[in-house]
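Asker: fold the following for me, if possible:
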Amino acid sequence: MSEKDLEESIDTLVEVFRKVETKDRKYHFKTFKKCFIGTEAVDNIIDSGHAQSREDAVLIGQALQEDHSLFEHVTRDHKFSDEYLFYHFIDEKKLGRRGVNEITGKASTWADFLNVSTSTTGNKQITYLPRLPLPDFDVVPPKDQHVASTIWPLDEHNATLLDRVHPTNWEDPVPHHSKNEKKSGAENTYDLIVIGAGAGGLVTSAGSAGLGARVALIESNLLGGDCLNVGCVPSKALIHSANLAHGAKCTRQLEESGITIEGGANAVKVNFPKVMERMRRIRSDISTNDSAERFTKQLGVEVFFGHGKFSSDRTVVVNGRTLEFRKAVIATGGYPALISMTGLKFLYEKANSTEVGAVRPIVMTNETLFNMTTQPKKLCVIGAGVVGMEMSQAMQRLGSEVVVFGRSGRVLPKEDLDLSNIVKNQIEEDGVSFRLSVKEYVSINMTGKVLDNGLPELCMTIQELVGGKVVKSEVLMDALLVAVGRKPNVTGMDLEKAGIEFDSRKGLVVNDRLLTTNPRVFGVGDCCSAFKFTHAADFMARMVIRNALFFGSAKMSDLIIPYSTFTTPEVGSVGLYESDLKERGIAYKTFEKHFSENDRAICDDSTSGMVRIRVDAKSDKILGASIVGIGAGNMISEITLAMQTGTGLGKLSAVIHPYPTTADAVRATGDLYNKTRATPAVRGILRGLIQMQRYGS
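Answerer: Got it, this is the predicted structure:
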């Protein structure tokens, strides 16, 4: 069946389905407006001849419900079934929808604007490097142009991504009256308005709508926020490719395992454009979960694309329309910081220019790193934190020369020094160079030279401490990544008009319940928390749903938040570090089990690292833990569960783990604790019992 025939067949089914009788119906003293009954819809499909059995009719109905979002259960609790259940048709206009392309007559898509930018010199056509298919900005709706200029190249994967997370020509929800409300002023009143659609905003809006609240979600950029678009998802896809390349190049390990690659490491070729295309494809595939279509049609959230600003302590203006809220949540996330260095801001803006034919220097933050299509010969990274370490190792393993710059003299500054050095040593072994005693980043400029990969050469001048003296150095490169941290997105929303206090460095001022200084407004995620992780924003959102809608008293301080750095080896941490315990004056003991003593790690030739668990000095209560090793990000969850449930380290030794696994090192650490309980007096008693049994026999 052709695509056209399939569309016509679906249209016919929709037309048949819509003929079912809809009217107001009562259940348990509650009236549901304009709804139909499942059994009657099944009758209608069979009578039309489109199904031979009631079972087939149910399958057709479920497809129209789930795949085409034609209707939903009145309380969103049931799939379509042949039962006396109430359903109503979804009015897209009430939730927001894609506008129509006047030329094609179909819903607008980003592919409508695709135009590969080229320039002609003489008779020879030249495609400027890096190869960046850009949209035709003359026809892109003005309110969408800022999105088109930040996600590129606009290939099929990125076009699909944008269709899902920022559909072009979006039509805002039309004003309508929510259920059981009087018409006076109710059409723009919401139980909850959420500003920002990253992890925290999406969880808040979806969870609240699922509980029956009328929710408006406002996003100026991309649904999914940093995690989907420029953070967790694309970085892990890139790291996966890098690790595969590294494994194939480790000829010594391969040969020791009885595997030989003809030509050795030189036989392994990295197709960087293909690596980046895979990343874009994976990001696009995952984006379905965060799509506007899912949030409107399936979850019942009213989605607005635009800049939300407070106009009073209980109103927000978006796209010229004033929305009133009973409660509101700010979940606007953060943005990467740029350091103070002459020429940096100019080059960063030039790198993201939409000017056709412009020579773009590769000067990046995490927000633009994943737009690369050409592999740099030499990448310099400013910042030795999580992003800097993950991306420097990945790019080195993919074949770029990488140098990491920092000021503190160390990497991963939050982790225990000896553990962070394990990671640093491995990354150095991979070929990355470190210059961690920079005193000043002086300037950066383009030299005017273009390398044979088509990228313009850059020159950065720094002052650094070398042999106890401060010296000035120049560093040549063709790409720069600035990864020095993030700032909260708390400006441009007129927070003052709502009585919401904030700090431009720390973010929103919130209490332990995540309530701002406006008793109707809560904060979630990076805009108000030092824990800038997707999973932290997720659970903060769950807290806020309880606190905002159900008079809850959930506290941020009750959360136990683990986090991981996805280098090789990985780092997983939870709870308090040694430095935290010393600062707070808490007496503690530390127990360690090294992977060099773990049979699975020995078999896998991955003995670098350890499990380190810190407990209260007078009990086995776990206060914090760190794991460095392969799979540490997964292993840390077992210790997090123990802390969440109050399970002591001694009891972990009784948890049977499959043999051989690296996770068994967690259990073995519990054994080490239990051995400390066997004092000389206890040992004496136990020896006595054994002797008594010996003589008694």
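
Asker: which non-adjacent residue is nearest Lys439?
Answerer: Gln463 (4.7 Å; CB to CB, 6 or more residues apart in numbering). Every C-beta, even on glycine, is put in place using the N, C-alpha and C of the backbone.

Asker: in the stretch 451-600 of the chain, which spans are helices?
Answerer: Using DSSP state H, counting those that start in this stretch, the helices found in the stretch 451-600 of the chain span residues 534-549, 578-584, 599-603.

Asker: show me what counts as buried in the second one.
Answerer: What it means is helix 578-584. Buried positions in helix 578-584, judged by neighbour count with 16 or more other CB atoms under 10 Å: Glu578, Leu581.

Asker: just the mean pLDDT for it, thanks.
Answerer: Per-residue pLDDT values across helix 578-584 average out to 94.

Asker: report how many residues lie close to the residue nearest to Lys439.
Answerer: Neighbour count of Gln463, defined by other CB atoms under 10 Å: 15.

Asker: surely it and Val470 touch.
Answerer: Yes - with contacts counted by CB atoms under 8 Å, Gln463 reaches Val470, the gap being 5.5 Å.

Asker: tell me, what's touching the two both at once?
Answerer: Lys439 (CB atoms under 8 Å, 6 or more residues apart in numbering).

Asker: shaky segments in the stretch 101-250 of the chain?
Answerer: 101-105, 113-149, 177-186 (pLDDT under 70).

Asker: so which residues of it form helices?
Answerer: 145-148, 156-165, 199-210, 225-230, 232-249.

Asker: buried sites along the lengthiest strand in the chain?
Answerer: The longest strand of the chain (DSSP state E) is strand 438-450. The neighbour-count check on strand 438-450 (16+ other CB under 10 Å) flags Val438, Tyr441, Val442, Ile444, Asn445, Met446 as buried.

Asker: redo these as CSV? Include distance to Glu83 and pLDDT.
Answerer: Output for the buried residues of strand 438-450, formatted as CSV (distance: CB to CB, whole Å; pLDDT from 0 to 100):
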residue, distance to Glu83, pLDDT
Val438, 69, 97
Tyr441, 67, 97
Val442, 73, 98
Ile444, 67, 98
Asn445, 71, 97
Met446, 69, 97
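
Asker: how about those, which pair is most distant?
Answerer: The largest separation in the buried residues of strand 438-450, counting by CB to CB, is between Val438 and Met446 at 21.1 Å.

Asker: in this protein, which residue is most central in space?
Answerer: Cys227 (1.9 Å; CA atoms, centre = their mean).

Asker: ok, it to Thr661 distance?
Answerer: 29 Å (CB to CB, to the nearest Å).

Asker: same deal with Asn319?
Answerer: Taken as CB to CB, the span from Asn319 to Thr661 is 54 Å.

Asker: who has more neighbours, those two?
Answerer: More neighbours surround Thr661 than the other of Asn319 and Thr661, with 16 against 13 (other CB under 10 Å).

Asker: dump the residue contacts of the nearest residue to that one once chain neighbours are set aside.
Answerer: When the adjacent residues along the chain are set aside, Thr661 lies closest to Arg600, with 5.4 Å between them (CB to CB, 6+ apart). Counting by CB under 8 Å, 6+ apart, Arg600 touches Pro660, Thr661, Thr662, Asp664.

Asker: run the last query once more with 10 Å
Answerer: Ser606, Ile630, Gly631, Pro658, Tyr659, Pro660, Thr661, Thr662, Ala663, Asp664, Ala665 (CB atoms under 10 Å, 6 or more residues apart in numbering).

Asker: give me phi/psi at the nearest residue to the third one once chain neighbours are set aside?
Answerer: If I follow you right, that is Gly631. Among residues not flanking Gly631 along the chain, Thr662 sits closest, at 5.8 Å (CB to CB, 6+ apart). Dihedral pair for Thr662: phi -70, psi -30, per degrees, to the nearest 10.

Asker: could you tell me how many residues sit around Thr662?
Answerer: When neighbours are counted by other CB under 10 Å, Thr662 comes out with 24.

Asker: so where's this structure uncertain?
Answerer: 1-8, 100-105, 113-149, 177-186, 356-357, 678-679, 682-684, 686, 696-697.

Asker: any idea what the residue nearest to Lys439 is bridged to?
Answerer: Applying DSSP bridges to Gln463 gives these bridge partners: Glu440, Lys472.

Asker: please report the distance of it from Tyr441.
Answerer: From Gln463 to Tyr441 the distance is 8 Å (CB to CB).

Asker: now swap in Gln644 and tell me
Answerer: Counting by CB to CB, the gap from Gln644 to Tyr441 is 42 Å.

Asker: distance to Ser433 for the helices of the stretch 101-250 of the chain - can I get that in CSV?
Answerer: Shown next, in CSV, are those (distance: least, CB to CB, whole Å):
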stretch, distance to Ser433
helix 145-148, 37
helix 156-165, 33
helix 199-210, 34
helix 225-230, 26
helix 232-249, 17
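
Asker: can you give me the helices for the stretch 301-450 of the chain?
Answerer: According to DSSP H, counting those that start in this stretch, the helices that the stretch 301-450 of the chain contains are 344-351, 366-369, 386-397, 417-430.

Asker: the shortest one packs against which elements?
Answerer: Applying 3 or more CB pairs under 10 Å, 6 or more residues apart in numbering; DSSP states H and E, one finds that helix 366-369 contacts helix 225-230, helix 232-249, strand 334-336, helix 386-397, strand 479-482.

Asker: partners of the last one, with directions?
Answerer: Spelled out, it's strand 479-482. With DSSP bridges as the test, strand 479-482 pairs up with strand 363-364 (parallel), strand 378-382 (parallel).

Asker: likewise the third one?
Answerer: Within its sheet, strand 334-336 is paired with strand 486-488 (antiparallel), according to DSSP bridges.

Asker: name the residues that touch the strand it pairs with?
Answerer: Counting by CB under 10 Å, 6+ apart, residues outside strand 486-488 touching it are 226, 330, 332-338, 365-366, 387, 502-508, 523, 525-529, 532.
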